[in-house]
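Trainee: Predicted model follows, preceded by the sequence.
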Amino acid sequence: MHLSMHNWMRAEPLEVTVARLKKYGYESIEISGEPYVYNTKDVRKLLKDHGIRCWGSVTLMFAGRSLFARDEGERASSVKYVKDCITMVKELDGYEMTIVPGTVGKVTPDASPEEEWRWAVESMKEIYDHAMKAGVRPAVEPLNRFETYFCSRAAQAMALAKATGPECGVCLDAFHVNIEEADPFEAIRATKGMLVDFHVADTNRFACGMGHWDWLKVVGTLASIGYDGALTVEFVAPVDRTPANPFPNMIETNPVDISEDQRKFIEDHGSNLLTEEFYSDQVRMCAETLLPLIR
């Protein structure tokens, strides 16, 4: 196993992100699913210069993106978006593409379960064909019930992956697993042979070590099923807006350019634009908690 990290949680120049990852001992990045923003030639050079590799990417399912939307045009544009993300990963020599099937934050259905399942499978099959040609392994990620109504447990993600194709796997996230699974460790064990990626944040979605996850047991369980991929850090620190706030330096008051979709996506996760000081400290804590367990 090795330590990786997402970069969608804070708007900043990629150079700053990559330098920080190198500083704290990360080996790779799971780059934000923004294929229309990055020049992959420039990103490849940046990563090479810092000795960081691309592990993969993750879909940012803003409003208007869903693989099982009732609207055929929305499904088609969402499939194209995911395929473009996969092309980006290929051009960065990445391994995997984490796919959230539906719009994050949408918790009411558009159609019957049968219709939505059929649309999801049709969309995933088209994406799968593109991924296989690109040499990128797709992985379905379940989110907790407060972020989606469609796929919230490991068993659901595995069902969609199996309906998609033999090389389609799953991605689990420690934060979501803690909410949705009756036995989180058994859920991890159940994905043996299908687990492509594993996202990490603590039970409160702060940095690893700030909640009550037993990280030694988590890493040991992953090792017991032969998982040797990334532990991909994805903390989304919740913002305290009361006098009880223990982190007064948390919120960025002078943010760099960020799109409204990106800002809303972060805020919909219960977080906000975080200061460089606070964010860097979260990155450091994750490394200090996890690296001793995987070396």
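Mentor: Sure thing, it's come through. Numbering: from 1, shown residues only.
Trainee: Quick check: end-to-end length of stretch 234-250?
Mentor: End-to-end distance for stretch 234-250, by C-alpha to C-alpha, to the nearest Å: 17 Å.
Trainee: before we move on, what about stretch 246-261?
Mentor: End-to-end distance of stretch 246-261: 28 Å, with C-alpha to C-alpha as the criterion.
Trainee: Give me the mean pLDDT for that stretch.
Mentor: Averaged across stretch 246-261, pLDDT comes to 72.
Trainee: burial count for residue 251?
Mentor: Neighbour count of residue 251, defined by other C-beta atoms under 10 Å: 17. Backbone N, C-alpha and C define where each C-beta goes, glycine included.
Trainee: who's in contact with the residue lying closest to residue 174 once chain neighbours are set aside?
Mentor: Counting by C-beta to C-beta, 6 or more residues apart in numbering, residue 200 is the residue found nearest to residue 174 once chain neighbours are left out, at 5.0 Å. Residue 200 makes contacts with 173, 174, 208, 218, 231, 232, 233, 234, 286, 290, as judged by C-beta atoms under 8 Å, 6 or more residues apart in numbering.
Trainee: Please identify the helix or strand for residue 129.
Mentor: Following DSSP states H and E, one finds residue 129 within helix 113-134.
Trainee: For the stretch 51-200 of the chain, which segments are assigned as strands?
Mentor: With DSSP state E, counting those that start in this stretch, the ranges of strands along the stretch 51-200 of the chain come out as 53-58, 96-99, 137-140, 169-173, 195-200.
Trainee: now, of these, which is deepest in the fold?
Mentor: Highest mean neighbour count among the strands of the stretch 51-200 of the chain (mean count of other C-beta atoms under 10 Å): strand 96-99, with a mean of 28.
Trainee: distance between that strand and the chain's centre?
Mentor: From the chain centre to the centre of strand 96-99 is a distance of 8 Å (C-alpha atoms, centre = their mean, to the nearest Å).
Trainee: What average pLDDT does that strand get?
Mentor: On average, strand 96-99 scores 98.
Trainee: And stretch 219-237, by the same measure?
Mentor: 97.
Trainee: Give me the residue at the spatial middle of the protein.
Mentor: Geometric centre of the chain, nearest residue: residue 58, 4.9 Å, by C-alpha atoms, centre = their mean.
Trainee: Tabulate the strands of the stretch 51-200 of the chain (TSV), appending distance to residue 71.
Mentor: Formatted as TSV, these follow (distance: least, C-beta to C-beta, whole Å):
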stretch	distance to residue 71
strand 53-58	23
strand 96-99	19
strand 137-140	21
strand 169-173	26
strand 195-200	29
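Trainee: mind checking which of those is nearest residue 225?
Mentor: Among the strands of the stretch 51-200 of the chain, the nearest to residue 225 by C-beta to C-beta is strand 195-200 (6.8 Å).
Trainee: what does the helix or strand just after the closest one contact?
Mentor: Counting by DSSP H and E, the next helix or strand C-terminal to strand 195-200 is helix 215-224. With C-beta under 8 Å, 6+ apart as the test, helix 215-224 has contacts from 1, 174, 185, 188-189, 195, 198, 200, 208-209, 231, 289-290, 293-294.
Trainee: helix, strand or coil for the residue lying farthest from the centre of the chain?
Mentor: No residue in the chain sits farther from the centre than residue 243, which is 31.4 Å out by C-alpha atoms, centre = their mean. Secondary structure assignment for residue 243 (DSSP: H, G, I helix; E, B strand; the rest coil): coil.
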